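J.: sequence unavailable; structure follows:
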């Protein structure tokens, strides 16, 4: 059995570890590229969103590499995501591919659902071994997210642009190859130190830009044209609350005890949106209200045709907050030059806005 799953950020690293620990070969398709998107868009309905197109492209490239089992999350809900697996399976079979499609309803089955899926794919590995593999994979995921948070800070003030990214890529490879919790801890400490040692430009005062929007396009760099890296090069410090490790912690464990990471966000959004509209639309509205005093500006990232994010975008003008919001719509028609021009203008607007605030405060000081 050769298992494949779609890309989303760096999630392939903990997934490859998880399957390796239980003796299952995982086929990791190439990182998302123009070819991936072209393959996915060619065989997708024109109106469907970019996460569908990219994940379909991942599956095609994985099947070309010899994968025979495709794994996809699924489940009921108000977003089209719940139908991806069924539709993609039909498209791939119509193209003549032979494989087994395996789905897991993460939103309902929680930790035991993941454990049962791994047991099935590993032909009945012992439960203790499966749970140990899941813990190790989650530890790698948490380490990656911790390093990425620091990366967001360092990028904005590094003296030589790209230095922090080089360190992070080295850390990514080291974490992927770590074979024990002790080795993982040593790698984390080493690369946290290396990131902190990146030479900084002491004169740079970065503006703070929050990132919110649909889960996939926020986390998958190719889908948003590496938005976070480009903001760092412009001297903006990126902050986002969406990390897979945090989502996993609540979805697999804490939600079962009645604890939700989204309650505070939903309460903040309540004056403008009182119910779930699917996807991450509710959270996008709440993020702007919660962080209007923490960020200089906020970028809302959404796939083209995404209903929940369209609803959120239309609510933004009514929100009584003065934080500037830039919406970036992602699809295969998105142009890099146009996106970079918009980012440059947005960051410059935030700098001037902060400068005006500083002058206003100075004028009030006796």
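T.: Yep, it's here. Everything quoted here is computed from the prediction, not taken from an experiment.
J.: can you map out the strands along the stretch 51-200 of the chain?
T.: Assigned by DSSP state E, counting those that start in this stretch, the strands in the stretch 51-200 of the chain fall at 69-73, 100-104.
J.: out of those strands, which comes closest to residue 202?
T.: strand 69-73 (44.8 Å; CB to CB). In short, each C-beta sits where N, CA and C put it, glycine included.
J.: tilt between that closest one and strand 100-104?
T.: With axes from the mean of the first three to the mean of the last three CA atoms, to 10 degrees defining the directions, strand 69-73 sits at 20 degrees from strand 100-104.
J.: list of residues touching strand 69-73?
T.: If you take CB atoms under 8 Å, 6 or more residues apart in numbering as the criterion, strand 69-73 is touched by 1-6, 55, 59, 62-63, 81, 84-85, 88-89, 92, 99-106, 117, 121.
J.: apply 10 Å and report the result again.
T.: Surrounding strand 69-73, the residues in contact under the criterion CB atoms under 10 Å, 6 or more residues apart in numbering are 1-6, 15, 19, 24-27, 55, 58-59, 62-63, 81-82, 84-86, 88-89, 92, 97, 99-107, 117-118, 121.
J.: likewise stretch 344-353?
T.: Applying CB under 10 Å, 6+ apart, the set of residues contacting stretch 344-353 is 205-209, 230-231, 233-236, 295-299, 322-326, 328.
J.: which among these count as buried?
T.: In terms of neighbour count (16 or more other CB atoms under 10 Å), the buried residues within those are 206-209, 230-231, 233-236, 295-299, 323, 325-326, 328.
J.: picking that back up, can you select the buried ones from the contacts of strand 69-73 in PyMOL?
T.: Command for PyMOL, covering only those of the contacts of strand 69-73 found buried under the criterion 16+ other CB under 10 Å:
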select buried, resi 3+4+5+6+15+19+24+26+27+55+58+59+62+63+81+82+84+85+88+89+92+97+99+101+102+103+104+106+117+118+121
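J.: and residue 3, that one's in a strand?
T.: Yes: when DSSP: H, G, I helix; E, B strand; the rest coil is applied, residue 3 is found to be in a strand.
J.: residues contacting it?
T.: Listed by CB under 10 Å, 6+ apart, the contact partners of residue 3 are 15-16, 19, 24-28, 62, 67-71, 100, 102, 118, 121-122.
J.: among these, which lie within helices?
T.: Residues of those located in helices (DSSP state H): 15-16, 19, 62, 118, 121.
J.: go through these and name the one nearest residue 195.
T.: When the ones in helices among the contacts of residue 3 are compared against residue 195 (criterion: CB to CB), the nearest one is residue 16, at 23.3 Å.
J.: show me the residue at the heart of this protein, geometrically.
T.: Taking CA atoms, centre = their mean as the criterion, residue 219 is the residue nearest the geometric centre of the chain, at 1.7 Å.
J.: is it true that that one touches residue 54?
T.: No: between residue 219 and residue 54 there is no contact, the gap being 11.8 Å when judged by CB atoms under 10 Å.
J.: find the residues that touch each one of those two.
T.: 7-8.
J.: leaving out sequence neighbours, find the closest residue to residue 18.
T.: residue 137 (3.8 Å; CB to CB, 6 or more residues apart in numbering).
J.: ok, how many other residues are close to that neighbour?
T.: Other residues lying near residue 137 total 23 when counted by other CB atoms under 10 Å.
J.: can you check which helix is longest in the chain?
T.: Secondary structure of the chain read by DSSP H shows that its longest helix is helix 127-157.
J.: and that one, how far out from the chain middle?
T.: Averaging C-alpha coordinates over helix 127-157 and over its chain gives two centres that are 13 Å apart (CA atoms, centre = their mean, to the nearest Å).
J.: can you check stretch 22-29 too?
T.: Relative to the chain's own centre, stretch 22-29 is displaced by 22 Å; criterion: CA atoms, centre = their mean.
J.: now do it: distance from first to last residue.
T.: Length of stretch 22-29, first residue to last, CA to CA, to the nearest Å: 20 Å.
J.: and if you look at stretch 233-241?
T.: Comparing the first residue of stretch 233-241 with its last one, the separation is 21 Å (CA to CA).
J.: returning to that earlier point: average model confidence for the longest helix of the chain?
T.: Per-residue pLDDT values over helix 127-157 give a mean of 95.
J.: so which elements touch that helix?
T.: Helix 127-157 makes packing contacts with helix 12-21, helix 106-121, helix 163-177, helix 181-196, strand 207-213, helix 227-233, strand 236-240, helix 244-248 when contacts are defined by 3 or more CB pairs under 10 Å, 6 or more residues apart in numbering; DSSP states H and E.
J.: mind listing what's buried in it?
T.: Applying 16+ other CB under 10 Å to helix 127-157 flags 130, 133-134, 136-145, 147-148, 150-157 as buried.
J.: identify the residues contacting residue 35.
T.: With contacts taken as CB under 10 Å, 6+ apart, residue 35 has the following neighbours: 57, 60-61.
J.: the closest residue to residue 273 other than its chain neighbours: neighbouring residues, count only.
T.: Excluding the flanking residues, the one nearest residue 273 by CB to CB, 6+ apart is residue 285, at 4.9 Å. Here the number of neighbours of residue 285 (other CB under 10 Å) works out to 28.
J.: relative to residue 311, how far out is residue 285?
T.: As judged by CB to CB, to the nearest Å, residue 285 and residue 311 stand 9 Å apart.
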